[in-house]
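**Student:** Following is a predicted model, sequence given first.
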Amino acid sequence: MKVTAIETIRLPDRPNLLLAQVHSDEGLVGLGETSRGALAVEGQIHDLVAPYLLGKDPRQIQLHNRQLTNSYLGFASAGAEIRAASVIDIALWDLFGQSLGQPIYQLLGGASRDRIRAYNTCAGYNYNTRTVARRQISGEDKPEGPYDDQIAFTHRAGELAESLLAEGYTAMKIWPFDPLAERAAGSFLSREDLELGLGPWRKIREAVGDRIEVMSEFHSLWNLQQAKQIARALEEYRPYWAEDPIKMCDVATLKDYAQSTSIPVCGSETLGGTAPFRDLLQAQAADIIMLDAGWCGGLTEARKIAALAEAYQRPVAPHDCNGPVVWVASIHLMMHIPNALIMEAVRAYYSTWYKDILTDLPVVKEGHIYPLSGPGLGTRLLPDLLKHEGVQVRRSALK
């Protein structure tokens, strides 16, 4: 088997998303995805990845991953080089699974469970899929549908928690301090603003008590002093974790933060490759390891990071607040690894626009996700997707 062509696909209504298809001479097509800076990653794929991969056996995944993540630039980061390697790596695993007629979790070594607990990231329908994330919510914002959960946690956090419990969710994630960080570049937080950010937490605990776990997302927007200030105030509301409280490449400062609070530290989707996670674990600076298969180097790198976390007795909770392909791939990973903790889901996504891209999606039921059992990822792009107006396809092929 050999790779005959690589296609990248950009969708007009989801400009942060980059899909890719790796074609083989046996007619099998592997599907991959990454996000953010789609044009930059697309250029990396066609200018540097395609000349290397075309004509080679797609089943030599470890060899190709080593070559594509060992570029002169892009070490220890989630830059365009590593994201290009990630999207191709996921596609190669998909293609490999199809060639053997087995789902990816079987190729990784089999399933450790039949489902994985989920938490709902309380984003809206368009959050993080345009050119920037939507951090600011005003009083005039109107919900686009029943799951416009960022508006809900800003204004009706207690009702939102009750809605999630009614659907079987037992965990949720919010980020009410993000808009406050933008006022002073994360370097100052007034007492008035602190109370404003605590508002949703207070409403959730008043409405449902401890029946739901609540994760706190910081998005690395705060300096150390302010991150500590928020953590001290949050402790009485018992967050499940504090995610990316500061810039997560600064291990020494992160360890300082972790030692100052009883809230577990979760991180970090922003890191690429195994080495930064090794540094995080060696420093005892993180309690829960969060990786993004579309940003860290693909499933090949993700399984190494998960094994490293297991050696340090840490659980894994993958990030996915982007597209459906990485979500599906991450669920395969979570079916396999023994130290799987919980899987991110966005009900505003999988109930709407994810269905406009893929033929099949995992079932989310009573707060758990059930994996796809078809070969490879177990899903394909919808047959007519590439024909839609505004879809941009770039192709590199063997001559």
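**Tutor:** Alright, I've got the coordinates.
**Student:** What are the boundaries of the helices in the stretch 151-300 of the chain?
**Tutor:** Using DSSP state H, counting those that start in this stretch, the helices of the stretch 151-300 of the chain run over residues 157-166, 178-183, 191-208, 224-234, 251-259, 274-282, 298-311.
**Student:** Which one of those helices has the poorest average confidence?
**Tutor:** Note on the helices of the stretch 151-300 of the chain: helix 178-183 shows the lowest mean pLDDT, a mean of 91.
**Student:** what angle do the helix or strand where residue 119 lies and helix 157-166 make?
**Tutor:** According to DSSP states H and E, residue 119 maps onto strand 116-121. With axes from the mean of the first three to the mean of the last three CA atoms, to 10 degrees applied, the angle from strand 116-121 to helix 157-166 works out at 160 degrees.
**Student:** Not counting strand 116-121 itself, show me its contacts.
**Tutor:** 149, 164, 169-173, 213, 215, 217, 321, 331, 334-335, 340-347, 364, 367-369, 371 (CB atoms under 8 Å, 6 or more residues apart in numbering). Where C-beta positions appear, they are placed from N, C-alpha and C, glycine not excepted.
**Student:** returning to what we had before: which one, of the helices of the stretch 151-300 of the chain, ends up nearest to residue 21?
**Tutor:** Nearest to residue 21 among the helices of the stretch 151-300 of the chain is helix 298-311 (15.1 Å), distances taken as CB to CB.
**Student:** and the helix or strand that comes right after the closest one, what other elements does it pack with?
**Tutor:** Where DSSP H and E defines the elements, the next helix or strand beyond helix 298-311 is helix 324-336. Helix 324-336 is packed against strand 29-35, helix 80-100, helix 104-107, strand 116-121, helix 298-311, strand 343-345, helix 347-350, with contacts defined by 3 or more CB pairs under 8 Å, 6 or more residues apart in numbering; DSSP states H and E.
**Student:** Tell me how far helix 324-336 lies from the chain's centre.
**Tutor:** Put simply, helix 324-336 sits 10 Å off its chain's centre (CA atoms, centre = their mean, to the nearest Å).
**Student:** do stretch 171-189 as well
**Tutor:** Distance, stretch centre to chain centre, for stretch 171-189: 20 Å (CA atoms, centre = their mean).
**Student:** got the end-to-end distance for it?
**Tutor:** 27 Å (CA to CA, to the nearest Å).
**Student:** And it, what's buried?
**Tutor:** Within stretch 171-189, the residues that count as buried by 16 or more other CB atoms under 10 Å are 171-181, 186, 189.
**Student:** okay, the helices of the stretch 151-300 of the chain, which one's buried deepest?
**Tutor:** Of all the helices of the stretch 151-300 of the chain, helix 298-311 carries the top mean neighbour count, a mean of 22, counting by mean count of other CB atoms under 10 Å.
**Student:** What strands flank the strand holding residue 119, and is each parallel or antiparallel?
**Tutor:** With DSSP bridges as the test, strand 116-121 is paired with strand 171-174 (parallel), strand 343-345 (parallel), strand 368-370 (antiparallel).
**Student:** same question for it, mean pLDDT?
**Tutor:** Mean predicted confidence for strand 116-121 is 98.
**Student:** Please export the C-alpha coordinates of it as CSV.
**Tutor:** C-alpha atoms of strand 116-121 as CSV (Å, rounded to 0.1, in the frame of the first residue of the first chain):
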residue,chain,number,x,y,z
ILE,A,116,-16.3,6.9,29.1
ARG,A,117,-17.7,9.4,31.4
ALA,A,118,-18.3,12.8,29.8
TYR,A,119,-18.4,16.4,31.0
ASN,A,120,-20.0,19.3,29.1
THR,A,121,-17.9,22.2,28.1
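**Student:** angle of it against helix 324-336?
**Tutor:** If you take the same axes, to 10 degrees, strand 116-121 sits at 140 degrees to helix 324-336.
**Student:** where does the chain dip in pLDDT?
**Tutor:** For the chain, the stretches with pLDDT under 70 are 72-76, 131-140.
**Student:** Mind doing that once more with 80?
**Tutor:** Along the chain, the parts satisfying pLDDT under 80 run over 71-78, 129-141.
**Student:** That one - how does it break down into domains?
**Tutor:** As assigned by automatic domain parsing, the chain contains the domains 3-101+380-397, 106-370.
**Student:** for the helices and strands packed on helix 324-336, which one sits closest to residue 357?
**Tutor:** Nearest to residue 357, of the helices and strands packed on helix 324-336 and by CB to CB, is strand 29-35 at 9.1 Å.
**Student:** Redo the helices and strands packed on helix 324-336 as JSON lines? Include distance to residue 157.
**Tutor:** Formatted as JSON lines, the helices and strands packed on helix 324-336 follow (distance: least, CB to CB, whole Å):
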{"stretch": "strand 29-35", "distance to residue 157": "27"}
{"stretch": "helix 80-100", "distance to residue 157": "33"}
{"stretch": "helix 104-107", "distance to residue 157": "35"}
{"stretch": "strand 116-121", "distance to residue 157": "13"}
{"stretch": "helix 298-311", "distance to residue 157": "31"}
{"stretch": "strand 343-345", "distance to residue 157": "19"}
{"stretch": "helix 347-350", "distance to residue 157": "16"}
